[in-house]
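> after the sequence you'll find the predicted model.
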Amino acid sequence: MANIKTAISLQKALFDQVDALAHEKKVSRSRLFVMALEDYLRREENRKLAQQLTAVYGEPDPEQEALQRKMKRYHRRVVAAEK
């Protein structure tokens, strides 16, 4: 896949944070920006999908959501106990 260079403008404080994080993670600033954009695009895609599902099925039932949270907590405990 071809790479395309682009220029962006950042406030100095934000640039310094990016630079420090890239150094901490031992990746280039370019790689860090790519990782951040990929994460953002994934979350945006999930948000759109959730909106579409809500449009089709309506808002989730609060009781059902509470049950799902309990099931997730239980599952995490079971998985943690197996380690």
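The structure has been received and is ready for your questions. Residues are numbered from 1 along each chain as shown.

> the bottom helix or strand of the protein by mean pLDDT?
Lowest by mean pLDDT, DSSP states H and E among the helices and strands of the chain is helix 62-82, with a mean of 90.

> so where's the chain uncertain?
Within the chain, the stretches with pLDDT under 70 are 83.

> report the longest helix in it, please.
helix 29-57 (DSSP state H).

> tally up the residues packed near Asp61, please.
10 (other CB atoms under 10 Å). Using the backbone N, CA and C atoms, a C-beta is placed for each residue, glycine as well.

> helices and strands around the longest helix of the chain, which ones?
helix 12-25 (3 or more CB pairs under 8 Å, 6 or more residues apart in numbering; DSSP states H and E).

> touching the helix it packs on from outside, list them.
10, 28-29, 31-33 (CB atoms under 8 Å, 6 or more residues apart in numbering).

> ok, so of those, who is nearest Tyr74?
The closest of the contacts of helix 12-25 to Tyr74 turns out to be Leu32 (CB to CB; 36.5 Å).

> tell me, how many residues neighbour the residue nearest to the closest one when sequence neighbours are not counted?
Spatial nearest neighbour of Leu32, excluding adjacent residues (CB to CB, 6 or more residues apart in numbering): Ala22 at 4.5 Å. The local packing count at Ala22 equals 17, with neighbours defined by other CB under 10 Å.

> same question, the one 5 residues further on
Other residues lying near Val27 total 14 when counted by other CB under 10 Å.

> repeat for Arg69
Counted with other CB under 10 Å, residues neighbouring Arg69 total 10.

> list the contacts for it?
With CB under 8 Å, 6+ apart, Arg69 has no contacts at all.

> against Arg29, how distant is Leu14?
12 Å (CB to CB, to the nearest Å).

> between the two, tell me which one has more neighbours.
The neighbour comparison of Leu14 against Arg29 (other CB under 10 Å) goes to Arg29, with 13 against 9.
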